[in-house]
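Trainee: using only what follows, build the 3D model:
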Amino acid sequence: MREQKNKMSYRDAMEYMSTVNIYGSVLGLDNTKELLRRLGNPQDQLKFVHVAGTNGKGSVCAYIGTILAKAGYLVGRYISPTILEYRERIQTGQNQSTVFISEEEVGDLIGRIKEVADSMVEEGMPHPTPFEIETAMAFLYYVEKKCDIVILEVGLGGREDSTNVISTTVCSVITSISLDHMQILGDTLTKIAYEKAGIIKYKIPVVSYAQESEAMEVIKEVSEQNHSELTCMSLEAIENVEHTFHGITFDYKEYKKLEIKLLGENQVKNAALAIEAISVLAGLGYRIKEADIRTGLLLTRWPGRFEMIKTEPYFFVDGAHNEDGAKSLRKSIEIYFTNKRIIYIMGVLADKDYHSVLRHTAPYADTIITITPDSSRALSSKELTKAALEYCKNVIDGETIGNAIDIAMELVKKEDVILAFGSLSFLGEIYRHIET
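Mentor: This is a model prediction of the structure:
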């Protein structure tokens, strides 16, 4: 770590990051480029798999990263939002170990970035946003760790996302695209797909989920314009899928009896997309054996995605927060919870289409307990209760996570299921309550 005037403790760094929250989230690359230029453009020393999409980004990043780490590469992973703790967003993996950025490294790097951010403001430029600062911190960290490759998850959209300053992408990956963040990205699949396809780089291969035709047309067109070879995963090639509470087995193309531990109807599709991305990387010269693919898929963990965190009673958490996520959750409920009584704990952000989420999921609930997530964008539990009563007759305003869990535990019987979902923003708090 280089010497600097403005070293910070982890606590000071976190306080600083909370103060820069006032700068919000701003789409556009100019400020990020200037920040990185003053830091020596660390991103130019790295190679990236750049991942955009509406749903499944985190899971696909986890699969690709774990497979590459199993193949012996030192892999950086940049993810958002985080669930367990702040440092989770910047991590490295190699073989079977995963390491989060340390508190000392966060303090050192944010101290270094703050010096540059302050100089930008002194010269009349906008202050970098939290996401711009974190993206710069990630690039600096991965350079210092000498990562072989970085799996870089887009924050929002793609075209004007801070991560899109990179010019050393080796593969662009686009996961499932659906309607979300419509006030920012556009109100049609075509408009949203155009933003996601903004990560496609000239003559760099693209791997895409089997999108709806409207979105697929955009990805094909942008790939052709950039002379980028496009590979699409095949839903038809997914066969012999078997679900249990302990994992899923399936076949994909020439790979038979693959096994994953991540549960949920959508995870097989995410794994298939990751396999296609790995095949492209192998074609570029990355040394990846079939055993690395099999073991990497099996070892992949990704919290908060239709995850069972407790048994007796069964307690599941999921990040479903938009219509596409709710449809996928509904299918998972049908697969895993047949003839089971289900109690929901649900909290949502006010800018999400929560009526669509309720429409797809509420018919399966015996009782819905609402909460207010700890977010400035949260919908109050009172408002969510009012909305939920349109779809389910048993709705309780639980207000807080702790209270909602207590109510659910009183209502639940041993063979019943508690399912918490609606936003990733409160899942970390659920883990902490369940552990204590």
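Trainee: residues contacting Glu160?
Mentor: Shown in contact with Glu160 (CB atoms under 8 Å, 6 or more residues apart in numbering): 27-29, 195, 198. C-beta here means a position set from N, CA and C on the backbone, and glycine is covered the same way.
Trainee: neighbour-wise, which of those leads?
Mentor: Glu195 (23 neighbours; other CB atoms under 10 Å).
Trainee: helices along the stretch 101-250 of the chain, start to end?
Mentor: Secondary structure of the stretch 101-250 of the chain (DSSP state H, counting those that start in this stretch): helices at 103-122, 130-144, 182-185, 189-196, 213-225.
Trainee: can you add distance to Ile22 and mean pLDDT and give those helices back as TSV?
Mentor: As requested, the helices of the stretch 101-250 of the chain are exported to TSV (distance: least, CB to CB, whole Å; pLDDT from 0 to 100):
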stretch	distance to Ile22	mean pLDDT
helix 103-122	13	97
helix 130-144	10	97
helix 182-185	19	56
helix 189-196	25	91
helix 213-225	35	96
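Trainee: what about Ile110, neighbour count?
Mentor: 25.
Trainee: quick one: contacts for it?
Mentor: Applying CB under 8 Å, 6+ apart, the residues near Ile110 are 8, 13, 16-17, 133, 137.
Trainee: closest one of those to Thr92?
Mentor: Met137 (13.5 Å; CB to CB).
Trainee: Serialize the contacts of Glu160 to CSV and add fields for distance to Ile309.
Mentor: CSV is the format used below for those (distance: CB to CB, whole Å):
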residue, distance to Ile309
Leu27, 34
Gly28, 38
Leu29, 38
Glu195, 34
Gly198, 36
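Trainee: quick one: low-confidence ranges for this structure?
Mentor: Applying pLDDT under 70 to the chain picks out residues 1-5, 180-186.
Trainee: residue closest to the middle of it?
Mentor: Centre of the chain computed as the mean C-alpha position; nearest residue by CA atoms, centre = their mean is Gly58, 3.2 Å away.
Trainee: any idea which helix or strand carries that residue?
Mentor: Element membership for Gly58 (DSSP states H and E) is helix 57-70.
Trainee: chain center to that helix, what's the gap?
Mentor: 11 Å (CA atoms, centre = their mean, to the nearest Å).
Trainee: just stretch 9-24 next, same as before
Mentor: 22 Å.
Trainee: ok, Lys414 - contacts?
Mentor: 312-313.
Trainee: so it: helix, strand or coil?
Mentor: Three-state assignment for Lys414 (DSSP: H, G, I helix; E, B strand; the rest coil): coil.
Trainee: re the thing from before, from Arg301, how far off is the residue nearest to the centre of the chain?
Mentor: 11 Å (CB to CB, to the nearest Å).
Trainee: overlap in contacts of those two?
Mentor: By CB under 8 Å, 6+ apart, no residue touches both Gly58 and Arg301.
Trainee: what ranges do the strands span in the stretch 151-300 of the chain?
Mentor: Ranges of strands within the stretch 151-300 of the chain are 169-174, 206-208, 230-232, 238-244, 247-252, 255-260, based on DSSP state E, counting those that start in this stretch.
Trainee: with mean neighbour count and distance to Ala362 added, can I get the ones you listed in a markdown table?
Mentor: Below are these laid out as a markdown table (neighbours: other CB atoms under 10 Å; distance: least, CB to CB, whole Å):
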| stretch | mean neighbour count | distance to Ala362 |
| --- | --- | --- |
| strand 169-174 | 27 | 31 |
| strand 206-208 | 27 | 32 |
| strand 230-232 | 18 | 34 |
| strand 238-244 | 13 | 23 |
| strand 247-252 | 18 | 26 |
| strand 255-260 | 16 | 28 |
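Trainee: does the closest residue to Leu424 other than its chain neighbours lie in a helix or a strand, and which?
Mentor: Spatial nearest neighbour of Leu424, chain neighbours left out: Gly319 (4.3 Å); criterion: CB to CB, 6 or more residues apart in numbering. Element membership for Gly319, per DSSP H and E: none, as it lies in no helix or strand.
Trainee: so how far does stretch 344-351 reach from one end to the other?
Mentor: 21 Å (CA to CA, to the nearest Å).
Trainee: I misspoke; the intended subject was stretch 295-313.
Mentor: 30 Å.
Trainee: what about it, distance to the chain center?
Mentor: 15 Å.
Trainee: mind listing what's buried along it?
Mentor: By neighbour count with 16 or more other CB atoms under 10 Å, stretch 295-313 contains the buried residues 295-297, 299-300, 302-307, 309, 313.
Trainee: ok, stretch 7-15 next?
Mentor: Those would be 8, 10, 13-14, for stretch 7-15 by 16+ other CB under 10 Å.
Trainee: with stretch 337-352 instead?
Mentor: 337, 341-349, 352.
Trainee: over to stretch 104-114?
Mentor: 105-114.
Trainee: just the residues you listed now: which is nearest Asp416?
Mentor: Looking across the buried residues of stretch 104-114 and measuring by CB to CB, the closest to Asp416 is Val106, at 41.0 Å.
Trainee: thought the closest one was touching Arg87?
Mentor: Yes - contact criterion CB atoms under 8 Å: Val106 and Arg87 qualify, at 6.5 Å.
Trainee: ok, back up a step: any idea of the angle the helix holding Gly58 forms with strand 255-260?
Mentor: 110 degrees (axes from the mean of the first three to the mean of the last three CA atoms, to 10 degrees).
Trainee: show me what helix 57-70 is packed up against.
Mentor: Applying 3 or more CB pairs under 8 Å, 6 or more residues apart in numbering; DSSP states H and E, one finds that helix 57-70 contacts strand 48-52, strand 75-78, strand 90-94, strand 149-153, helix 267-283, helix 290-299.
Trainee: number of nearby residues for Gly24?
Mentor: Neighbours around Gly24, by other CB under 10 Å: 9.
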